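Any chance you could fold what I've pasted below:
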Amino acid sequence: MTRRAGRTGHTDWCGRDHRCGLGEHRSEEIVVDLPGHGRAVLVRVRTAAGREHAEVRVRVALAPAELRARRQLHGLLTDLRHTVTRAAVAGRPHPWKATP
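Sure thing, here's the model as predicted:
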């Protein structure tokens, strides 16, 4: 559970500045930078309705040859699908398992 700070409703992880607006609360960016290869930016978001999300932006350097670039994109999309699916499954409530 995330605590709220004072009357503002900001969470402990909230950036508490221009990032918050329209009822949303947004964390500071967490950046993974591999110069010349790629970059990923993660932001935690709580919507006005109270739902929390991870917002992820990814930038990857593509090969100059079209076929190789398409292969990279295919691999990236396959990996992203696996990642999103794994995160969604981990977030589901698990039914109580009774011991035999």
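
correct me, but residue 76 touches residue 62?
No - counting by CB atoms under 8 Å, residue 76 stays clear of residue 62, with 9.4 Å between them. (Each C-beta comes from the backbone N, C-alpha and C, glycine too.)

Next, please give the residue ranges for the strands of this protein.
For the chain, strands defined by DSSP state E occupy the ranges 4-5, 10-11, 25-26, 30-34, 38-46, 52-60.

Format those as TSV; extra columns: mean pLDDT, distance to residue 84 and mean neighbour count.
Formatted as TSV, those follow (pLDDT from 0 to 100; distance: least, CB to CB, whole Å; neighbours: other CB atoms under 10 Å):
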stretch	mean pLDDT	distance to residue 84	mean neighbour count
strand 4-5	46	28	12
strand 10-11	70	23	18
strand 25-26	86	20	22
strand 30-34	95	17	11
strand 38-46	93	13	16
strand 52-60	92	9	12
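
and residue 87, which of those is closest to it?
The closest of the strands of the chain to residue 87 is strand 52-60. By CB to CB, the value is 7.4 Å.

ok, residues contacting that closest one?
By CB atoms under 8 Å, 6 or more residues apart in numbering, the residues outside strand 52-60 that reach it are 37-47, 72, 76, 80, 87.

Which among the strands of the chain is found nearest to residue 66?
strand 52-60 (15.5 Å).

the inter-axis angle of that closest one versus strand 30-34?
Counting by axes from the mean of the first three to the mean of the last three CA atoms, to 10 degrees, strand 52-60 points 20 degrees away from the direction of strand 30-34.

export strand 52-60 as CSV, just CAs?
Taking Å, rounded to 0.1, in the frame of the first residue of the first chain, the C-alpha atoms of strand 52-60 are listed here in CSV:
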residue,chain,number,x,y,z
GLU,A,52,-1.6,2.6,-11.0
HIS,A,53,0.4,1.9,-14.1
ALA,A,54,4.0,1.7,-15.3
GLU,A,55,4.7,3.8,-18.3
VAL,A,56,7.7,2.6,-20.3
ARG,A,57,9.4,4.3,-23.3
VAL,A,58,12.1,2.4,-25.1
ARG,A,59,14.4,3.7,-27.8
VAL,A,60,16.7,1.2,-29.6
